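Visitor: What shape does this take:
(2 chains)
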Amino acid sequence: MNRLRAGVAAAALGLAVTAVAGCGSTSGSPSGSVSSTSGSRSPATDVQVITVSYAGGTITPPEGRVPVKVGQKVEIQVTSDVAEIVHNHYNNVEHDVAPGGTVVFDFTAVNPGIYEVELHRSNKLLLQLVVQ
Amino acid sequence: MHGVGGRSDLPVPFTLAVTAGAAALVASFVALVFLWPRPRLGRPDAGRALPAAAARVLDSGLTQWVVRLVGLAVTAYVLVAAIFGIDDALNPTAGAVFVLFWVGAVAFASAVFGPVWRWLNPVRTLYLGACALLRHDHRVGVLTYPRRLGNLPAAAGIFAFAWLELVAPNRDTLPVLRAWFGAYAVLMLMGAVVYGSTWFDRGDGFQVVSALYGRLSVLGRRADGTAVLRSPLDGVASTPLVPGMPVLVSVMLGTTAYDGMSNATFWVRFVQDNALPQVLVETLGLAAGPVIFGGLYALAVFAAGRLGGGGFMPAQFAPTIVPIAFGYLLAHYYSFFVLAGQTTVQELADPLGNGADLLGLGNRGVSFALVGATFVATFQVTVVVLGHVIGVVLAHDRAVGLFPRRSAVVGQLPLLALMVAYTVAGLLLLFSG
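Guide: All right, here's what the predicted structure looks like:
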């Protein structure tokens, strides 16, 4: 029984090490870095402008995550070649956009999280705002 | 895209995910080697009987009808918003359904208080009321509920609900919600007429899930009906085994996992830039979750039966997955419940969108006090690992009861591997989602 216990313990250790090593290869992802909330953070003076266009059914830049620092002023400009409803989930605001028109969302990102900005008519995600 | 809210949590830090994974792994093997050699959970006399006064209140018909009427009244209130309200982002219906009903009542409240949806379920209450008026025994239907059908209709119902929550186009609009819940209520009533009230306990997905998570509550009932305080381990271990339960728990795990994965950039791009229709790709993705999780379960239980000696007993280990599913759910929905819950309650104060404040809440906004990023990340990995540990202990107890003593340890290895796989998958989803 003792030998079995030792064997199992060794196996556990081995698996744990393998798991750590195996997962290490994916550590290139940006998600690990959470900026700490120190008092030194100066209020951002300039605005982070994020532009995205929807044309011919294609989203440019391609749908993905846009990092934003907590406290940052943000302006999201959305252009569409079709009539759409754009929903910014950060502040739960919807704007209609006419074909060829542009809508703008102005806000300050305060609460951490991943927020979706999406098109309601074509049911597509434009981008995910990563506030951290 | 989540049903309501459009917000999800930041990925958990990498080191936290790895630490949690390692902790789960070590705990598993410690449990395997050092836990009790004979089954001791879920005995018929487990738990301590409630004081007579408390038991009388719980058992009284009056209490039960008060709870039923509360369920009926809240449903009626939400129906007013769903039928007469304005169909915009401020309508409370979607929040009432996805946040308060699904996460709040069916999952969280059940885990705390026991199977509450059995008493709140408005369809069941209507059926019982109709039976009382017609002087018909509610347990009697046209047919006897087939044993082999078990939880399969419940699994189908939960999958259909996950499809509504995660895939259906325009799922937060009133026509879609009315159509889905209208159809569901009609099907449940028909099931009850055909099979009697047993239908709700076996075939109604929400009631069955509420009962399964209710097993985690410290409040419970013995098989003879005595109300007791007991360990969640005893509660889950004494879950009556029903055919189809493995399918149901696979759906519970797999659809929650899909919800976490569907947020990842690679999946969003794959879906939106696909030549196939978006709904089809998402439906296939959602179906893949239960298939993968269920396939792994079947494989592990089969291997355990071979190694442990006892044959293939698929239903036996299904309850041991329930704490893991609840860990997933809690990690996944905690901040959603806190934030969207606040929004929903404030929206409920104005069901018709005419500026009323029926609940007297004022415009208080949404507080992020309970969902700080560091706290949420720590909470998430903790509940996933805790669910894992409880699952491992339950599987151990079940295995030493089923397998001959000399092969009980080796018979548990496939089950341990299964649970480690589930937990690592859950942590990966938290890390990448």
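
Visitor: Every contact and neighbour count from this point should use C-alpha atoms.
Guide: Will do.

Visitor: element containing B:A53?
Guide: helix B:52-59 (DSSP states H and E).

Visitor: So what does B:P414 look like in phi/psi?
Guide: Dihedral pair for B:P414: phi -60, psi -30, per degrees, to the nearest 10.

Visitor: what about the residue nearest to it when sequence neighbours are not counted, which helix or strand?
Guide: Once flanking residues are discounted, B:P414 sits nearest to B:A300: 5.0 Å by CA to CA, 6 or more residues apart in numbering or on different chains. Applying DSSP H and E as the criterion places B:A300 in helix B:278-308.

Visitor: how about the following helix or strand past that helix, does it reach chain A?
Guide: Counting by DSSP H and E, the next helix or strand C-terminal to helix B:278-308 is helix B:318-348. No. Using CA under 8 Å from any CA of the partner chain, helix B:318-348 stays clear of chain A, with a minimum separation of 9.9 Å.

Visitor: Tell me the residues of chain B that contact chain A?
Guide: Of all the residues in chain B, those in contact range of chain A (CA under 8 Å from any CA) are B:1, B:5-15, B:18, B:21-22, B:25-26, B:29-30, B:33, B:89, B:169-170, B:265, B:268-269, B:272, B:368, B:372-373, B:431-432.

Visitor: Please indicate which of these are buried?
Guide: Buried by 16 or more other CA atoms under 10 Å in any protein chain shown: B:1, B:5-14, B:18, B:21-22, B:25-26, B:29, B:33, B:89, B:169-170, B:265, B:268-269, B:272, B:373, B:431-432, out of these.

Visitor: Please state the mean pLDDT value computed over stretch B:337-344.
Guide: Mean per-residue pLDDT for stretch B:337-344: 95.

Visitor: Can you name the residues in contact with that stretch?
Guide: B:4-5, B:92, B:95-96, B:99-100, B:103-104, B:365-368, B:370-371 (CA atoms under 8 Å, 6 or more residues apart in numbering or on different chains).

Visitor: Buried among those residues? Need that as a selection in PyMOL.
Guide: Entered in PyMOL, the line below selects the buried ones among the contacts of stretch B:337-344, by 16+ other CA under 10 Å:
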select buried, chain B and resi 4+5+92+95+96+99+100+103+104+371
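
Visitor: Closest to B:I390 out of the contacts of stretch B:337-344?
Guide: Set against B:I390, the nearest of those by CA to CA is B:V103 (21.1 Å).

Visitor: didn't the closest one look like it was pressed against B:Y333?
Guide: Yes. At 7.2 Å, B:V103 counts as touching B:Y333 under the criterion of CA atoms under 8 Å.

Visitor: re earlier: other residues contacting the helix holding B:A53?
Guide: Applying CA under 8 Å, 6+ apart, the contact partners of helix B:52-59 are B:63-64, B:226-227.

Visitor: Among the residues you listed, which one lies nearest to chain A?
Guide: Closest approach between the contacts of helix B:52-59 and chain A, by CA to the nearest CA: B:Q64, at 39.3 Å.

Visitor: for that closest one, what are its contacts?
Guide: So B:Q64 contacts B:58, B:119 (CA under 8 Å, 6+ apart).

Visitor: Spell out the secondary structure type for it.
Guide: helix (DSSP: H, G, I helix; E, B strand; the rest coil).

Visitor: do the same with B:V376
Guide: Per three-state DSSP, B:V376 ends up helix.

Visitor: Now do the contacts for A:H120.
Guide: By CA under 8 Å, 6+ apart, the contact set of A:H120 is A:84-87.

Visitor: any idea how far B:G289 is from it?
Guide: 26 Å (CA to CA, to the nearest Å).

Visitor: Just the ones of the contacts of stretch B:337-344 in helices?
Guide: With DSSP state H as the criterion, helices contain B:G95 from among the contacts of stretch B:337-344.

Visitor: quick revisit: which parts of the helix holding B:A300 are buried?
Guide: B:278, B:281-282, B:285-291, B:293-294, B:296-305, B:307-308.

Visitor: who touches the spatially closest residue to B:L352 that is not a sequence neighbour in this structure?
Guide: Among residues not flanking B:L352 along the chain, B:G85 sits closest, at 4.1 Å (CA to CA, 6+ apart). For B:G85, the contacting residues are B:91, B:351-353, by CA under 8 Å, 6+ apart.

Visitor: Endpoint to endpoint, stretch B:210-227 covers what distance?
Guide: End-to-end span of stretch B:210-227 (CA to CA): 17 Å.

Visitor: typo on my end, stretch B:352-361
Guide: 16 Å.

Visitor: For that stretch, give the mean pLDDT please.
Guide: In the prediction, stretch B:352-361 has an average pLDDT of 91.

Visitor: which of the residues in that stretch are buried?
Guide: B:352-353, B:357.

Visitor: can you check stretch B:311-319 too?
Guide: Buried-residue list, stretch B:311-319, by 16+ other CA under 10 Å: B:312, B:314-319.

Visitor: do stretch B:46-62 as well
Guide: Neighbour-count burial for stretch B:46-62 [16+ other CA under 10 Å]: B:46-47, B:49-50.
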